[in-house]
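Enquirer: 3D, please:
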Amino acid sequence: MNTRRRSVLAALFLLFLVFPVSAEWPGAEPVDLDAVYRIKDEGLSPQRSKVMEIESYLTDVYGPRLTGSPNAKEAADWAMKTMRDWGIANVHLETWQFGRGWQNQRFVASAVTPRAYPLIAYPKAWTPGTNGPVTAEAILADVQSEKDFETWRGKLRGKFVLTTAMRVVDAHFTAPAHRYTDAELVDLSKQPASSGARGRGPAFQAMQEFMQKRAQFFADEGVAALIDPSPRGDGGTVFVQAPPGVSRDPGRPLQPPQVVMAIEHYGRIARTLEKKIPVTLQLDIDNRFYDADQSAFNIVGEIPGTDKADEIVMLGAHFDSWHSGTGATDNAAGSAVMLEALRILKQGGLPLRRTVRIGLWTGEEQGLLGSKAYVKEHFGDPQTMQLRPEHGRLSGYFNVDNGTGTIRGVYLQGNEAVAPIFESWMEPFKNLGMTTLTIRNTGGTDHLSYDAVGLPGFQFIQDEIEYDTRTHHSNMDVYERVQPDDMMHNAVIVASFVYDAANRNEKLPRKPLPKPSSSGRGTTSQ
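Expert: Model (predicted):
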């Protein structure tokens, strides 16, 4: 054998050592590229992917899914049947106490005089209806402080009350959709100058208290209904939630009927009233309360592990939504991605050492209530930091709840030790645009329930698309705003991260345990 041939064989042998047949990524954290290939092959195939079919069932058929509503319960039944059909094990509901349910059955709004025209508006959650069509005069009562109560006392009975002055509506010179630029991702990856907790301070609490007093004032005055302009958005987009201080306790007094109206229609009424021309409206609101069963639920299912089956990797998303759209980007998108990731792992027959468990939460929109209840029951109480046995068996939790946008990275939630692990896991997905790790925290969704008891909980960085500008909590949160390619990308990325976490030798590293906190460290999503 000549010297040149020996050199070539030696080089090939070294390549075999560096790139073994198991096709692991050459980094500090091994990545099974054969498994990644199989995950991509299943999840990125338009013919085999189920993610948009799941999305359509959750939105077009069963949406919206307000916690405690019949819609949410029917959607849960469908999701559980679907998982069982896939062969997912231990599919069940876990209930927790929520309060009365609510659902809108019918809403019609129109102007009657001085001109007839239909109105775009939506009722607020957990407010009563009108008990049939009601025709009444509109009046603009801009009550912004308690001293304004006396100005309007005795003048509002039986009226449809526009509650605030008209806001400015700016023109759009750029498209509302947005993907992160490379420069924005670099900036996002940097640790912020201050990591101090940002909470809702005294000014916010004072405003909440005033809004409750104002609602009681209007109720005492006997208004026919309250009409708010959409607080943001235009072009017929209406952002709707529940009024401040609304109660889900059947024993508490009801607030008046309340609706949120498209800003253009609100403006037409307000400007007509300013001209001293009377305006008559007709509203027909049929809202139903459900008091018989005041529990809510979380949906759980598993793929059992093998040699580390007593340890757990979790993936999850919130299943509930607000009620004016069908809850497509918030958060059927996250639920569909997680269900599809679970299907990919099951369908591919990929070996999983740890048990993989999905959690689909309700009550997220009212303050992460479902995931908080689950974590308290299974892992620990953030108020006392008394931990349960499962706390030691969870490797990590992965969450999706920022709309339809493709995953660009991970918020590390201050967990420095996990960065090199995730860096290796991201490598096969850099060609899909996943390039960024940031040490920063992100708030407002269910990974915080895990972080509150010292468990590794992670939310993915996603392109914003139209989330804040158009779909989040609005009537435009519908199937058409969901991007199929992004959804397929997200499902394969989540499936791969879950696979990697389920099969690594050690559980994911943890931060030091937090101190007991009376707030539970969770922030609301409202």
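Enquirer: for M83, give me its contacts.
Expert: Applying C-beta atoms under 8 Å, 6 or more residues apart in numbering to M83 gives the contacts 91, 301, 339, 342, 358. Bear in mind the C-beta positions are built from the backbone N, C-alpha and C, glycine included.
Enquirer: let's see which of the residues you listed end up in helices.
Expert: 339, 342 (DSSP state H).
Enquirer: biggest separation within the contacts of M83, which pair?
Expert: With distances taken as C-beta to C-beta, the most widely separated pair in the contacts of M83 is V91 and L339, at 11.4 Å.
Enquirer: who has more neighbours, the two?
Expert: L339 (30 against 18; other C-beta atoms under 10 Å).
Enquirer: if I pick the nearest residue to that one once chain neighbours are set aside, what's in contact with it?
Expert: If the residues on either side of it in the chain are set aside, L339 comes closest to I54, at 5.3 Å by C-beta to C-beta, 6 or more residues apart in numbering. Shown in contact with I54 (C-beta under 8 Å, 6+ apart): 82, 335-336, 339-340.
Enquirer: in what helix or strand does I54 lie?
Expert: Per DSSP states H and E: I54 is located in helix 51-56.
Enquirer: what's the following helix or strand after that helix?
Expert: Downstream of helix 51-56, the next assigned helix or strand under DSSP H and E is helix 70-86.
Enquirer: for the stretch 401-526 of the chain, which segments are assigned as strands?
Expert: Assigned by DSSP state E, counting those that start in this stretch, the strands in the stretch 401-526 of the chain fall at 407-411, 436-438, 457-462.
Enquirer: where do the strands sit along the stretch 151-300 of the chain?
Expert: Along the stretch 151-300 of the chain, the stretches classed as strands by DSSP E, counting those that start in this stretch are 160-162, 225-229, 258-261, 280-290, 295-303.
Enquirer: mind putting those into CSV with mean pLDDT?
Expert: Compiled in CSV, the strands of the stretch 151-300 of the chain are given as follows (pLDDT from 0 to 100):
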stretch, mean pLDDT
strand 160-162, 98
strand 225-229, 98
strand 258-261, 98
strand 280-290, 98
strand 295-303, 98
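Enquirer: among the ones you listed, which is nearest T67?
Expert: Closest among the strands of the stretch 151-300 of the chain, using C-beta to C-beta: strand 295-303, at 5.2 Å.
Enquirer: what strands flank the closest one, and is each parallel or antiparallel?
Expert: Applying DSSP bridges to the sheet, strand 295-303 is found paired with strand 89-97 (antiparallel), strand 354-361 (antiparallel).
Enquirer: now F398, what's its secondary structure?
Expert: The three-state label given to F398 by DSSP: H, G, I helix; E, B strand; the rest coil is strand.
Enquirer: can you count the residues close to it?
Expert: Counted by other C-beta under 10 Å, the residues lying close to F398 total 24.
Enquirer: ok, it - contacts?
Expert: So F398 contacts 313-316, 447, 458, 460, 494, 497-498, 501 (C-beta under 8 Å, 6+ apart).
Enquirer: now the residues you listed: which count as buried?
Expert: 313-316, 447, 458, 460, 494, 497-498, 501 (16 or more other C-beta atoms under 10 Å).
Enquirer: let me have the strands of the stretch 401-526 of the chain in CSV, extended by distance to Q366.
Expert: Below are the strands of the stretch 401-526 of the chain laid out as CSV (distance: least, C-beta to C-beta, whole Å):
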stretch, distance to Q366
strand 407-411, 23
strand 436-438, 28
strand 457-462, 19
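Enquirer: so which of the ones you listed comes closest to H489?
Expert: Minimum separation from H489 across the strands of the stretch 401-526 of the chain (C-beta to C-beta) falls at strand 407-411, 6.6 Å.
Enquirer: D310 contacts G392, correct?
Expert: No. Counting by C-beta atoms under 8 Å, D310 does not reach G392; the two are 10.0 Å apart.
Enquirer: any buried residues in the biggest strand by length in the chain, and which?
Expert: Criterion DSSP state E: the longest strand present in the chain is strand 101-113. Neighbour-count burial for strand 101-113 flags 101-104, 107, 109-111 (criterion: 16+ other C-beta under 10 Å).
Enquirer: from the contact counts, what lies against that strand?
Expert: Counting contacts by 3 or more C-beta pairs under 8 Å, 6 or more residues apart in numbering; DSSP states H and E, strand 101-113 packs against helix 70-86, strand 117-118, strand 121-123, strand 258-261, strand 280-290.
Enquirer: what mean pLDDT does that strand have?
Expert: For strand 101-113, mean pLDDT is 98.
Enquirer: centre of the chain versus that strand, how much separation?
Expert: In terms of C-alpha atoms, centre = their mean, to the nearest Å, the centre of strand 101-113 is found 26 Å from the chain centre.
Enquirer: which residues touch that strand?
Expert: Counting by C-beta under 8 Å, 6+ apart, 66-71, 116-123, 125-126, 133, 135, 248, 259, 261, 269, 278-291, 293-294, 323 sit against strand 101-113.
Enquirer: buried subset of the residues you listed?
Expert: 66-69, 71, 119-123, 125-126, 248, 259, 261, 269, 279, 281-285, 287, 323.
Enquirer: start and end of stretch 244-252, how far apart?
Expert: 14 Å (C-alpha to C-alpha, to the nearest Å).
Enquirer: what residues does it touch?
Expert: Under the criterion C-beta under 8 Å, 6+ apart, residues 68, 98-100, 102, 124-127, 207-208, 211-212, 215, 253, 255, 289, 291, 294 lie in contact with stretch 244-252.
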